[in-house]
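In: fold the following for me, if possible:
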Amino acid sequence: MLHHLSFGVRDLAAASAFYDATLAALGYRRVFCGDSSVGYGLIDGQDLLLLNLDDRAAAPGDGFHLAFAAPSRAAVDAFHAAGANAGGRDNGQPGLRPDYGAHYYAAFLIDPDGHRVEAVTTTPDAG
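Out: Take a look at the predicted model:
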């Protein structure tokens, strides 16, 4: 359905440090880098998330968040830890969310610009 999603950011260095760390934990990587934008995905030149430098950027309100697919619960845990160490704020510790499903395991962060992001897997824990 979606080709890509763009976030406006006020500090590209801080935002890209946050997304370099959090998305690497989920198996994504930087696939594009320009003077005023950085893209993330799986394949060079094919951005799924694009960060655009804009000194007037503002995150959407409380009703919006972006959920990234995680390959495992360990990846969700790594996403949360990496984000907290890279300038993000906790918005929900890693754990099961039974209201969303028996195996819905997620963690929530707020990035340096105020965007709300989540990592989630619905795969049962192998351990």
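In: backbone dihedrals for Ala13, please?
Out: For Ala13, the backbone dihedrals are phi -60, psi -50 (criterion: degrees, to the nearest 10).
In: and the strands in the protein?
Out: Ranges of strands in the chain, per DSSP state E, are 5-9, 29-33, 37-41, 49-53, 66-69, 89-96, 105-110, 116-121.
In: so for Ser16, which of those sits nearest?
Out: Ser16 sits nearest to strand 37-41 of all those, at 4.6 Å, using CB to CB. (Glycine included, C-beta is placed from N, CA and C.)
In: any stretches of this protein with poor pLDDT?
Out: 126-127 (pLDDT under 70).
In: how close does the closest residue to Phe68 other than its chain neighbours get to Ala74?
Out: Of all residues not flanking Phe68 in the chain, Ala119 sits nearest, at 5.1 Å (CB to CB, 6 or more residues apart in numbering). Distance, Ala119 to Ala74, by CB to CB, to the nearest Å: 11 Å.
In: neighbour count for the two, which is higher?
Out: Taking other CB atoms under 10 Å, Ala119 and Ala74 do not tie; Ala119 has more neighbours (28 against 16).
In: does the more buried one really touch Ala75, like I thought?
Out: Yes - between Ala119 and Ala75 there is a contact under CB atoms under 8 Å: 6.8 Å.
In: any idea which of the strands of the chain is most buried?
Out: Highest mean neighbour count of the strands of the chain: strand 105-110, a mean of 23 (counted as mean count of other CB atoms under 10 Å).
In: what pairs with it, and is each one parallel or antiparallel?
Out: Its sheet considered, strand 105-110 pairs with strand 89-96 (antiparallel), strand 116-121 (antiparallel) by DSSP bridges.
In: Leu12 is nearest to which of the ones you listed?
Out: Going by CB to CB, the one of the strands paired with strand 105-110 nearest Leu12 is strand 116-121, 16.8 Å.
In: just give the number of residues close to Ile43.
Out: With other CB under 10 Å as criterion, Ile43 counts 9.
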